[in-house]
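K.L.:
Show me the folded form of this:
(2 chains, ligands or ions: 2)
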Amino acid sequence: MKLFDKIKSKVIGLFLKENLKFTLISIFIGFLIGSMTLAVAGFNPFRAYAIMLSGVFGRLNYIAWVIIRSTPLILTGLSITFAFKTGLFNIGAEGQFIIGALVAALAGYFIQLPAIVHIPVVILLAASAAALWGGIAGYLKAKFGVHEVIATIMLNWIALYLTNFVVTLEAVQIPARPVSHNIQPTASLMFFQQWKVTEEGRAWLLDNFLAREILRTPFNAGILFAVILAVVVWYILKHTTLGYELKAVGLNKHAAEYAGINVQKNIVRAMLISGALAGMAGAFHVLGNTQRIAILAAMEGFGFNGIAVALIGGSTAIGVVLSAFLFGALQYGGTKIQLALGAPTEVINIMIGTIVFFIAIPRLIKILLAKFSKKRGEDNA
Amino acid sequence: MKSIDFSVKAVEMKNIVKKFGDFTANDQINLTVHKGEVHALLGENGAGKSTLMNVLYGLYQPTSGEIFINGDKKDIIDPNAAITCGIGMVHQHFMLVETFTVAENIVLGMEPTKKGLLDMAKAIKNVEEISKKYGLFVDPNEKIYNISVGMQQRVEILKALYRGADILILDEPTAVLTPQEIKELVQIMRNLTEQGKTIIIITHKLKEIKEVADYCTIIRRGKYIDTVDVSKTTESELASKMVGREVIFEVEKREKEKGKLSLKIDNLVVKNNRGIDAVRGLSLEVFEGEILGLAGIDGNGQSELIESLTGLRPVVSGKIHVNSKEITNKTPLSILENKLSSIPEDRQKRGLVMEYSVAENMVLENYRVKPFSNKGILNHDEIKVFAEKLIDKFDVRTEGPTQVVSALSGGNQQKVIIAREVTNDPDVLVAAQPTRGLDVGAIEFVHKALIELRNENKAVLLVSLELDEIMNIADRIAVIYEGVIVGIMDAKDANENKIGLMMAGGAKDEAI
Ligand SMILES: Nc1ncnc2c1ncn2[C@@H]1O[C@H](COP(=O)(O)OP(=O)(O)OP(=O)(O)O)[C@@H](O)[C@H]1O
Ligand SMILES: [Mg+2]
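P.N.:
Ligands and ions are numbered 1, 2, ... in the order given. Just a heads-up that it's a prediction; the model follows:
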């Protein structure tokens, strides 16, 4: 009984934490407005949500897909969060993601090494290139006061066109197709990628339902790296002098400067690390899932969605992981209602937009809550 | 002329309780203020004065208790409700839009319009009208960042009056003002009460309470102690009611020979934000084992001087030495490593990371060294132990080292900085307004700490706008005027008139 009380008070304490409360309320409002939109568009919202729910959790391979989709979002979310802690708005996660994916595709295809070395080398190269890409914006800000939002928006476009140019190079492109060559198997993070298509593998999978369900998808090791990196980010921010400095600069750069912290240096450092995280998102996306890159008509939005993920996650590492899963599930579930009902996937975007909107204006919710609880208080009195 | 209307209780707060979690900041407090009265709130740092006023202004909801305005029970759910009740508040930290003009700031949110468009001419006229009515003169067209702190405060008061405030709350309005500005504020308060306004003022300066307040309510550790008729009490009685013990106003200081030269400033030139020379060839020497008090009217180059000493503002020409090592234009870190520490003038801007905990703020300059960190990994345990020690020694009223500094009362925030800088073991301590916003007990403590540093043979440069403070604890007094030192003397030979004259530029010709 005592234990139960303890757990209960812990859980209540967690909910009383303002931020979490607001986040959950925002998510609820997001679903509410999503259902109104569906109703207005002539669809039964309960059916739509039921389909989404079963479309996300109904089968093991659905869950695997959600995880695969969430992996890059965890990392771009972490990237945005990291920069945010230093007071920087890294719109450039998108471009850094593209650079990371590009370098991963190239290094994965051209370099020949045993897997145990190949994978770390590719990840390292992709992370470094993307770190530099972010670092440019950091340097411009620290040295010349160029606003990072402006600089990174420009860098996003440069990254997009650079990729499109590189993919069309003869050595890179598969002839007559808008994609690059696949990476070497030694660079792939997909589980049992080779084996699952062999005779023996197929035969085995036929008898093992669970494994078959999961391995039908490009299920890969990216999620492990993403979660480990989330822990690393948490550790850096919480337990290192680096994190202490970065946060001090983000919260009050005047006080940081006064205390002997080099503000410029920390802006560059934050952007380097933020870039590396977004670049790794791109790398894991290629190594784990797509195996190659394509010519892009527009940006894919992994970086931009990372902004929403970071906001919903309340700029904490654990929050980012959870909100990336929510985001991945909503996106994947959204495709299901389109298939089953013909409902537009835009509903999902509206829901996500609503959630972000309400999280971004906690004051409004606070006022609503205050009014509500006041009313209740008066009723009781 | 007194104009209190005892038949009207402008404000009546009954049994107000305000809890933050388990902590009770206000514990059954009663406050009655009659119309036309100036009512002072007195209490130690962290006693709960700001909290009580924030409850009245609707920024906090009381845990329990009732509020009556002019006899009617009111539910003040937010500042808008407070404004509707005729309550206005001027916070210690102003809330003005720096890039807007005075008039724009005053009418913000209630702009006069003509055909749906902002009618600026009308706005300026309105502002001029009320400023004339209450004798609060401002230039409506000047931008906020161009006017002095005293002027900004007038703008805040006008803002409240423009919104129809009959009851004005002023939270430590004089802490940031120069003595001249304080005199003007006192006059303004008199004008206001004569016109039937009611004023609640929070201040730590007993002299001011004696000067302007009619009644004074004393709070100690969240509890109501007493309400006294100011004309029938003395400063020392007020002080002992507030602290709960006798307070010694004059600190003891033993005679001491000064030692070697420690801080040497040579012909220093520093520009202000507008690119104009603010420090113009200033030279000054501070010796080991002395407190040198730098007196002067605000805006004569003190801020720029301090910032250049601490590496936050470039030196145009001239040299600074600490213990014969040159630190001119060195980085703040290298200056810290050369053992020059400072208590910054603006605590919230420079001195603290408000969202950091008390413990994290205590190591703001020392987090990089052992035992607080090792090879880049923070040692939270050591930091906590260290913070607990300082909290104890400096009597910081906080729930503990992990509480965020923004939840501390203003005076206790200041104590965090002082604890950190004094413990930093500097050779030279530059202390700018170190007792700003502190209660008399805490001031006594800080003065003792500064004197102790001096007794340990450190050099202390005390920059203060309060002449009393300088006269009280400095060994030598230098006067700054228009960016140069216009006079320097032994504290024993100083008298208030002489220094006052120098501060106003009267001794320019005899400059040394
Ligand atoms: N938001 C908050 N959360 C938790 N504790 C708080 C919060 N605001 C104030 N407190 C605590 O309540 C107490 C009273 O604070 P308050 O600001 O009212 O003091 P004060 O009398 O105005 O002091 P000072 O003279 O230093 O300004 C302090 O101990 C402070 O730490
Ligand atoms: Mg206060």
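K.L.:
Report the secondary structure element holding residue 128.
P.N.:
With no chain named, the answer covers chain A. Element membership for A:S128, per DSSP states H and E: helix A:115-144.
K.L.:
hm, I was asking about chain B
P.N.:
helix B:120-133.
K.L.:
The closest residue to ligand 1 within the stretch 51-200 of chain B in helix, strand or coil?
P.N.:
The minimum distance from the stretch 51-200 of chain B to ligand 1, using C-beta to the nearest ligand atom, falls at B:T51 (3.3 Å). (Each C-beta comes from the backbone N, C-alpha and C, glycine too.) Per DSSP: H, G, I helix; E, B strand; the rest coil, the secondary structure class of B:T51 is helix.
K.L.:
if I read this right, it contacts B:K18, doesn't it?
P.N.:
Yes: between B:T51 and B:K18 there is a contact at 5.5 Å, judged by C-beta atoms under 8 Å.
K.L.:
Any chance you could list residues touching both of these two?
P.N.:
With contacts defined as C-beta atoms under 8 Å, 6 or more residues apart in numbering or on different chains, the residues adjacent to both B:T51 and B:K18 are B:A25, B:N26, B:Y60.
K.L.:
Wait, a strand at the first one?
P.N.:
Yes: assignment of B:A25 by three-state DSSP places it within a strand.
K.L.:
which residues touch it?
P.N.:
Applying C-beta under 8 Å, 6+ apart, one finds that B:A25 lies in contact with B:K18, B:K19, B:G48, B:T51, B:G222.
K.L.:
And it, what's its pLDDT?
P.N.:
In the predicted model, B:A25 carries a pLDDT score of 94.
K.L.:
what's the neighbour count on A:P120?
P.N.:
Burial measure for A:P120: 11 neighbouring residues, criterion other C-beta atoms under 10 Å in any protein chain shown.
K.L.:
ok, the residue of chain A found nearest chain B - how many residues close by?
P.N.:
For chain A and chain B, the shortest gap (C-beta to the nearest C-beta) falls at A:G260, measuring 3.3 Å. Neighbour count of A:G260, defined by other C-beta under 10 Å: 20.
K.L.:
for it, what are its contacts?
P.N.:
Contacts were defined as C-beta under 8 Å, 6+ apart; by that measure A:G260 touches B:T331, B:P332, B:L333, B:I335, B:L336, B:E365.
K.L.:
and which of these is nearest to B:I167?
P.N.:
Checking the contacts of A:G260 against B:I167 with C-beta to C-beta, the nearest one is B:E365 at 43.0 Å.
K.L.:
if we can go back for a sec, for chain B, tell me whether the helix holding A:S128 is touching it.
P.N.:
No: using C-beta under 8 Å from any C-beta of the partner chain, helix A:115-144 stays clear of chain B, coming no nearer than 14.5 Å.
K.L.:
Moving C-terminal from that helix, which element do we reach first?
P.N.:
Beyond helix A:115-144 on the C-terminal side, the first helix or strand identified by DSSP H and E is helix A:148-167.
K.L.:
Show me what that next one is packed against.
P.N.:
On a contact count with 3 or more C-beta pairs under 8 Å, 6 or more residues apart in numbering or on different chains; DSSP states H and E, helix A:148-167 meets helix A:93-110, helix A:115-144.
K.L.:
what's the angle from it to helix A:115-144?
P.N.:
140 degrees (axes from the mean of the first three to the mean of the last three C-alpha atoms, to 10 degrees).
K.L.:
Based on its surroundings, how many neighbours for residue 145?
P.N.:
Assuming you mean chain A. Other residues close to A:G145 by other C-beta under 10 Å number 7.
K.L.:
wait, chain B
P.N.:
When counting by other C-beta under 10 Å, one arrives at 13 neighbours for B:Y145.
K.L.:
excluding its backbone neighbours, what's nearest it?
P.N.:
Once its chain neighbours are removed from consideration, B:Y145 has its nearest residue in B:E98; the separation is 4.6 Å (C-beta to C-beta, 6 or more residues apart in numbering or on different chains).
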